[in-house]
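Engineer: Quick check, what structure comes out for this input:
(one chain, ligands or ions: 1)
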Amino acid sequence: MEVVIRPDADDAGRTVAGIIHHAIVEGTKTLGLATGASSLGVYRDLARRHRQEGLSFADVDAFLLDEYIGLPPSHPQSYAQVIRRELVDHVDLDPVRVHAPRGTASDPQQEARRFERTLTAAGPVAVQILGIGVNGHIGFNEPGSSLASCTRLKTLTDDTRRDNARFFGGIDEVPRHVITQGLATIGRASHLVLIATGPHKAYAVAAAVEGPVSAMCPASILQLHPHATVVVDELAAARLEQQPYYRHIARHRPAGQGY
Ligand code: GLP
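Structural biologist: Numbers count the residues shown, from 1 in each chain. Next up, the predicted model:
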């Protein structure tokens with residue numbers, strides 16, 4: 001795992017966008033997209049790269065991590081709609097090639113299995129963007145999620161619903177249930193790139209990167225992955241004990257070595 005410390009959130013977003021840009025130029029055809037405030041800077045910079053540098057998503061299939069059960073894709077806070085608004089509308093990614101679990105499927109369990117099958121058939125995802133919840137969740141895998149889990153229905157903690165209430169009219173409007181890729185599903189991507197910014201993420205980042213691998217911190221599965229990059233700003237890096245080493249690596253990076 002490599003930990004990359006950037007001065008601020010914008011810089012962290014640009015770093016992750018750079019990783020994706022490089023992967024697409026190298027022929028990547030499948031991307032894994034995350035939702036949440038942390039990835040907005042990434043999408044902003046990808047849109048800029050599309051406009052100014054000719055970065056094209058025309059050959060790319062994109063897979064979302066998760067979706068709220070009960071929200072139709074037209075709901076402004078459904079993750080399908082968030083990705084459309086924040087990324088798809090600004091680049092040449094074909095909306096038909098953006099795949100998400102359907103939150104209004106009549107049988108969510110069956111929908112979860114369908115999504116897992118689609119992902120398995122098209123995958124592996126080459127680069128998976130991840131955010132992290134303050135409780136260490138990735139996707140919507142709350143603490144206690146099986147490290148071997150596949151896409152399935154999950155019940156959100158009230159803490160997560162409270163965190164996400166900022167996007168809704170209040171906590172009561174935040175759905176209780178979701179479909180999320182599992183931790184094993186996420187782990188099948190070739191490159192995991194987690195972005196975390198702001199002081200409220202500092203504990204979760206330290207637990208994920210330097211704590212034990214544990215279902216109590218789902219993001220700690222990155223420690224088991226052969227290619228994981230954690231991009232943080234100074235505020236989110238604040239609780240990392242090995243900061244001097246991460247900075248040392250950055251100062252002595254072999255010329256031409258990518259992430
Ligand atoms: C949500 C999403 C996650 C995201 C996390 C952090 O619950 N399901 O994929 O990583 O919360 O969100 P934010 O970046 O807004 O803090």
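
Engineer: which parts of the stretch 1-150 of the chain sit against the ligand?
Structural biologist: 34-38, 65-66, 131-133, 139-140 (CB under 6 Å from any ligand atom). In this view, the C-beta of every residue, glycine as well, is placed from N, C-alpha and C.

Engineer: Would you format these as TSV with neighbour count included?
Structural biologist: Converted to TSV, those look like this (neighbours: other CB atoms under 10 Å):
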residue	neighbour count
A34	24
T35	27
G36	19
A37	14
S38	27
L65	28
D66	23
G131	22
I132	26
G133	25
G139	29
F140	26
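
Engineer: Filter the residues you listed down to the ones in strands?
Structural biologist: D66 (DSSP state E).

Engineer: Pass me the low-pLDDT residue ranges in the stretch 151-259 of the chain, would you?
Structural biologist: Counting by pLDDT under 70, the stretch 151-259 of the chain has no low-confidence residues at all.

Engineer: so who does R247 touch?
Structural biologist: I5 (CB atoms under 8 Å, 6 or more residues apart in numbering).

Engineer: A strand includes it, no?
Structural biologist: No. Counting by DSSP: H, G, I helix; E, B strand; the rest coil, R247 is not part of a strand but helix.

Engineer: quick one: it from the ligand, how far?
Structural biologist: Using CB to the nearest ligand atom, to the nearest Å, R247 is found at 24 Å from the ligand.

Engineer: ditto for Q243
Structural biologist: 22 Å.

Engineer: quick one, what contacts that residue?
Structural biologist: Residues in contact with Q243 (CB under 8 Å, 6+ apart) are 5, 237.

Engineer: what separates it from P7, distance-wise?
Structural biologist: 14 Å (CB to CB, to the nearest Å).

Engineer: if I pick I186, what's in contact with it?
Structural biologist: 32, 65, 128, 130, 138-139, 141, 192, 221.
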